[in-house]
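Enquirer: predicted model, plus sequence, below.
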Amino acid sequence: MTVAEQQRNLHNPHTSQLRRRRPLRLPDEVLGIVFLHLQPNYVRQDGLLCGTPWTDGTCVVSREMWQDGNSGTLIRHDWTDDSKRGKARYHPTITINRVPSRRHCRPALLDVGAVNRQWRRVSLQHPFWTDLGWHRLLDLRPVPLVAASATAGGPTVALDSFFRVLSDCPVRMARVRSITLDLVCWRRDIGIDALLAILRRVTNPHLVHTFVLETGWDVSGDTAIIRLLGTQFPNLRRVHVGGVASPDIFYGLASSALKYWAKRWGMGKLTHLSLQGFGQAGSFSCAALLALLKKQRNVKHLAVGYVRNGLDLTRVAALVPELETLSHDFMLANYVPFDARPLPVGARPLPVGFPKSFL
């Protein structure tokens, strides 16, 4: 081809459009398979050999087990081993893109959603977004408390902003089917206003079946959270509410919270129930717990913290005949300020087996 012909082709509208043609796009189904390969769908395992809030009474367990839904690969994580925080900066179920030229690494699921509109749309269909546990995408080692307190608003600002930004997407909020906010494991906290705003943005609250909240008691025990949990999510099957002492509030759930849920939750819907108490003066009473169990006779896994005036095992057995396991904290919890220090081993509940044969 001569130079003159090349110049004519350069100015030809037809050939120039061919050169500017967009690259071939993969179908959404194929992209979904690729994204599942980049970020496998790990599901938390339940069972006697797996630590859960309903077997241990807390989220800070040493037998946390996750399984890949496609390959069946099992991953065990020990929250009580603080030495692992220095080696693995992220939760073991999260895949990280470690690009040499990039200063900071990011989760692969966030990277693929930033490519273009199609990739963002397909990434929002990933099973990860069905669980509102977005803090798993964050570094396990939080910002030091001193540095975080220097920012406007205190140490919860970064986490509040992170959750608010992600919850602004209606598509993401429509996918939520469970809520797992085990923030104590990450040594983080969230503001009450931010948490209420995020929970109220859940598009289909009637489809939410699991609610786990473990943070400072100033948030977990707040009246607004208690009322929202009793009114907005009518079809819950699994509930865990726990916390640790905050600088101003060190008590646990009050009896009024359990009595309120007894009136609001549907009859016999719960199968897993875990409620933490804190000390003689700040915990719920046995009468309040029995009033709640009287409405929830289908509970199979029960975990309770310190109960004021003791726990009547005979009456519990009579109210929940299907009970398979019971975890009860017979120890008086110690005051633990909610900061970046590791949680003491003695603050973990003492699990006690409660088989059907004993009932």
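Expert: Great, that's in hand.

Enquirer: nearest residue to residue 71 other than its sequence neighbours?
Expert: The spatially closest residue to residue 71, leaving aside those adjacent along the chain, is residue 40, at 7.0 Å (CB to CB, 6 or more residues apart in numbering). Bear in mind the C-beta positions are built from the backbone N, C-alpha and C, glycine included.

Enquirer: contacts only, for the one you found.
Expert: 68, 69, 70, 71, 73, 93, 95 (CB atoms under 8 Å, 6 or more residues apart in numbering).

Enquirer: any chance of TSV for the residues you listed, columns neighbour count, secondary structure and pLDDT?
Expert: Output for these, formatted as TSV (neighbours: other CB atoms under 10 Å; DSSP: H, G, I helix; E, B strand; the rest coil; pLDDT from 0 to 100):
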residue	neighbour count	secondary structure	pLDDT
68	15	strand	90
69	12	coil	81
70	11	coil	81
71	9	coil	82
73	11	coil	87
93	19	coil	91
95	16	coil	89
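
Enquirer: with distance to residue 324 as new columns, can these be given to me in JSON lines?
Expert: Listed next are the contacts of residue 40 as JSON lines, based on distance: CB to CB, whole Å:
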{"residue": "68", "distance to residue 324": "27"}
{"residue": "69", "distance to residue 324": "25"}
{"residue": "70", "distance to residue 324": "30"}
{"residue": "71", "distance to residue 324": "30"}
{"residue": "73", "distance to residue 324": "28"}
{"residue": "93", "distance to residue 324": "27"}
{"residue": "95", "distance to residue 324": "35"}
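
Enquirer: farthest-separated two in the residues you listed?
Expert: 69 and 95 (14.6 Å; CB to CB).

Enquirer: hmm, residue 63 and residue 74 touching each other?
Expert: No: in terms of CB atoms under 8 Å, residue 74 does not count as a neighbour of residue 63; the distance is 11.6 Å.

Enquirer: more neighbours: which of the two?
Expert: Of the pair residue 74 and residue 63, residue 63 is the one with more neighbours under other CB atoms under 10 Å, namely 18 against 12.

Enquirer: and the more buried one, how far from residue 292?
Expert: 27 Å (CB to CB, to the nearest Å).

Enquirer: repeat for residue 220
Expert: Distance from residue 220 to residue 292, by CB to CB: 17 Å.

Enquirer: of those two, who's got more company?
Expert: Legend: neighbour count by other CB under 10 Å for residue 220 and residue 292, higher for residue 220 (26 against 23).

Enquirer: could you pull out the helices for the stretch 1-150 of the chain?
Expert: Counting by DSSP state H, counting those that start in this stretch, the segments of the stretch 1-150 of the chain that form helices are 3-10, 13-19, 28-38, 53-56, 108-112, 117-123, 145-149.
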